[in-house]
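Student: Quick one: sequence and predicted model below, then my questions.
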Amino acid sequence: MTFSKKIKKYKTMQLNPAHILILGFIALIFIGTCLFMIPAATKDRHHLSLIDALFEATSAVCVTGLGVVDTGTTFTLFGQIVLLLLVQLGGWGFMTSGILIFILLGKKIGFKQRLLLQESMNTFSMQGIIKLVQRVIIITLLVEAVGAIFLAIRWGQDMSAGKAIYYGIFHSISAFNNAGFGLESDSLSKWAGDPTVNIVITSLFIIGGIGFFVVEDIFKKRNIFKFSLHTKIVLTVTIFLNIISTFIIFALEYNNPATLGNLGTEDKWWAAYFQGVVTRTAGFNTIDIGQMTSSSLVLMIGLMFIGASSGSTGGGIKVTTFALLLLALWSVLTNKEDINVFKRRIPSSQVFRALSIAVSGVIFIFIIFFFLTITEKGADIEAIIFETVSAFGTVGLSTGLTGDLSPAGRILITIMMFIGRLGPLTMAFALARRSNKLSKIRYAEEKILIG
């Protein structure tokens with residue numbers, strides 16, 4: 001083989017950004033799995049099994065919040081800190097965390113690292129990407145610190161100062177990163193009607209869920225008329241979904257004695273608000289999810305599928321994808337060629353991308369759901385689809401099926417969480433063989449029947 005052929009072969013073997021991002025997340029999950037299998041990570045000093053450790057590590061890195069063991073009673077302080085670090089690194093993303101290490105070590109950040117950052121953060125260009133990473137880290141730490149202080153002050157009324165501070169830090173990081181891990185067995189049910197806990201926790205995961213680009217845009221411009229189109233769409237859809245979901249859950253669960261029925265009117269509103277807005281992002285709960293009506297669960301499945309915003313710590317197909325699909329539908333129904341919103345025209349290429357994300361998401365969900373119906377014989381179909389979509393949206397809510405999953409089921413949900421965190425399109429790109437050759441052939445056009 002000639003030298004030129006060797007070079008050509010080497011180039012063809014190089015990994016694309018999607019492959020590198022996947023390998024980076026796998027590396028983080030592997031490290032987390034190994035740490036959870038150390039006896040010092042669990043209170044009974046009996047390390048987690050390989051499958052359980054892998055599940056917990058994946059859930060933490062993918063900021064999902066689903067757990068096969070109870071966080072507060074199973075893990076030691078060491079195990080909980082490992083979990084928290086994985087959540088923080090996973091929330092930032094593999095490349096952002098890597099760049100932070102580069103910055104701390106004073107290493108030069110090259111073109112390849114910037115390209116990977118652009119891919120992982122889903123930005124339009126590499127210009128100013130390193131400064132953006134620095135701002136992401138500063139915003140994260142600042143918001144988490146403020147949240148931890150408010151929570152510590154509130155919980156200081158119920159527990160010792162040291163415990164309140166630790167609870168504040170743990171839940172603040174978990175909430176901002178949309179992970180949903182809690183230190184209480186019933187999540188935040190003790191504070192279902194507590195205004196401080198409800199406002200602080202929801203504020204944290206909403207800020208984390210709308211994305212760093214939106215937060216930065218708001219702070220920079222501070223004028224709704226000057227916001228970017230992305231920010232306007234994210235804020236509009238987020239507010240709309242949060243309001244609608246709160247009212248619907250309040251109405252559906254109002255007389256349900258197992259959820260809102262036995263609460264006072266004010267507490268009912270707080271619980272409905274919390275569960276309405278948490279569904280698209282984080283896995284906390286203040287009422288028993290398994291006791292909610294089927295109608296509420298169906299609504300929550302839809303909200304979990306939509307998910308959070310691009311460039312955020314949340315999963316799902318993203319609110320911008322959902323909005324773009326609705327706008328495309330409206331354009332077809334009104335017989336318009338262009339998709340216009342807020343006096344701006346959205347290119348058709350982004351419509352195709354949005355459609356690809358939604359379709360690939362549905363395909364991945366169907367595949368995992370199908371196999372779970374085989375591995376989890378006897379389980380309720382409603383619970384299986386809820387668990388699958390929750391894993392895909394990296395939400396972390398469960399009707400109670402997680403702990404009862406078979407080993408095969410746990411592996412399937414682990415895969416679903418991984419796909420949900422990276423994004424269905426990134427996974428599709430990684431699995432598909434992509435050719436660098438541009439086709440010079442353009443075939444004759446012919447229409448087919450649709451609808």
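Tutor: Done, it's in.

Student: Point me to the helix or strand that includes residue 340.
Tutor: If you go by DSSP states H and E, residue 340 is part of strand 339-341.

Student: Check which residues of that strand are buried.
Tutor: Neighbour counts over strand 339-341 (16 or more other C-beta atoms under 10 Å) mark 339, 341 as buried. Every residue, glycine included, has its C-beta placed from N, CA and C.

Student: how far is that strand from where the chain is centred?
Tutor: Strand 339-341 has its C-alpha centroid displaced from the chain centroid by 27 Å (C-alpha atoms, centre = their mean, to the nearest Å).

Student: and what of stretch 329-337?
Tutor: Worked out by C-alpha atoms, centre = their mean, stretch 329-337 lies 31 Å from the chain centre.

Student: First-to-last residue distance for that stretch?
Tutor: 11 Å (C-alpha to C-alpha, to the nearest Å).

Student: With stretch 67-85 instead?
Tutor: Its start and end residues considered, stretch 67-85 measures 16 Å (C-alpha to C-alpha).

Student: next one: stretch 424-443
Tutor: 29 Å.

Student: circling back: give me the next element, helix or strand, following the strand holding residue 340.
Tutor: Sequence-wise, the next helix or strand downstream of strand 339-341 (DSSP H and E) is strand 344-346.

Student: for the record, mean pLDDT for the helix or strand following that next one?
Tutor: Note on strand 344-346: by DSSP H and E, the next helix or strand toward the C-terminus is helix 348-375. Confidence over helix 348-375, taken as the mean pLDDT, stands at 92.

Student: ok, now stretch 317-335?
Tutor: Averaged across stretch 317-335, the pLDDT comes to 91.

Student: buried ones in that stretch?
Tutor: Those would be 317-325, 327-328, 331, for stretch 317-335 by 16+ other C-beta under 10 Å.

Student: Please tabulate those in TSV and include secondary structure and distance to residue 444 as additional columns.
Tutor: Conversion of the buried residues of stretch 317-335 to TSV gives the following (DSSP: H, G, I helix; E, B strand; the rest coil; distance: C-beta to C-beta, whole Å):
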residue	secondary structure	distance to residue 444
317	coil	34
318	coil	36
319	helix	39
320	helix	35
321	helix	32
322	helix	35
323	helix	35
324	helix	30
325	helix	30
327	helix	31
328	helix	26
331	helix	27
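
Student: contacting residues around the strand holding residue 340?
Tutor: Strand 339-341 has contacts (C-beta atoms under 8 Å, 6 or more residues apart in numbering) with 229, 233, 323-324, 327-328, 331, 345-346, 348, 351.

Student: Swap in 6 Å and give it another go.
Tutor: Strand 339-341 has contacts (C-beta atoms under 6 Å, 6 or more residues apart in numbering) with 327-328, 331, 346.

Student: Pull the most distant pair out of those residues.
Tutor: Maximum pairwise distance among the contacts of strand 339-341 (C-beta to C-beta): 9.6 Å, between 331 and 346.

Student: so for stretch 281-295, what's the average pLDDT?
Tutor: The model assigns stretch 281-295 a mean pLDDT of 91.

Student: Ok, stretch 221-237 next?
Tutor: Mean predicted confidence for stretch 221-237 is 88.

Student: Quote the end-to-end distance of that stretch.
Tutor: Start-to-end, stretch 221-237 (C-alpha to C-alpha) is 20 Å.

Student: Give the buried residues for that stretch.
Tutor: 227, 230-235, 237.

Student: residues touching residue 279, list them.
Tutor: 300, 303-304.

Student: Which single one of these is nearest to residue 378?
Tutor: Distance to residue 378 across those (C-beta to C-beta) is lowest for residue 300, with 23.0 Å.

Student: residues contacting the closest one?
Tutor: residue 279.

Student: Go ahead and list the helix or strand containing it.
Tutor: Going by DSSP H and E, residue 300 is part of helix 294-306.

Student: do the same with residue 30
Tutor: Per DSSP H and E: helix 17-36 holds residue 30.

Student: Assess the claim that residue 43 and residue 77 are in contact.
Tutor: No. With contact defined as C-beta atoms under 6 Å, residue 43 does not reach residue 77; the gap is 9.5 Å.

Student: Partner strands of the strand holding residue 340 and their direction?
Tutor: Within its sheet, strand 339-341 is paired with strand 344-346 (antiparallel), according to DSSP bridges.

Student: which other residues reach the partner strand?
Tutor: 229, 338-339.

Student: Please point out which parts of it sit buried.
Tutor: Neighbour-count burial for strand 344-346 [16+ other C-beta under 10 Å]: residue 346.

Student: How many residues are close by residue 70?
Tutor: By other C-beta atoms under 10 Å, the residues close to residue 70 number 14.

Student: Now do the phi/psi pair for it.
Tutor: Per-residue torsions, residue 70: phi -80, psi 120 (degrees, to the nearest 10).

Student: Give me the local confidence score for the residue lying closest to it once chain neighbours are set aside.
Tutor: Spatial nearest neighbour of residue 70, chain neighbours left out: residue 185 (5.4 Å); criterion: C-beta to C-beta, 6 or more residues apart in numbering. Predicted confidence (pLDDT) for residue 185: 88.

Student: Stretch 304-319: end-to-end distance?
Tutor: So stretch 304-319: terminal residues 11 Å apart, C-alpha to C-alpha.

Student: Having no further points to raise, I will conclude here.
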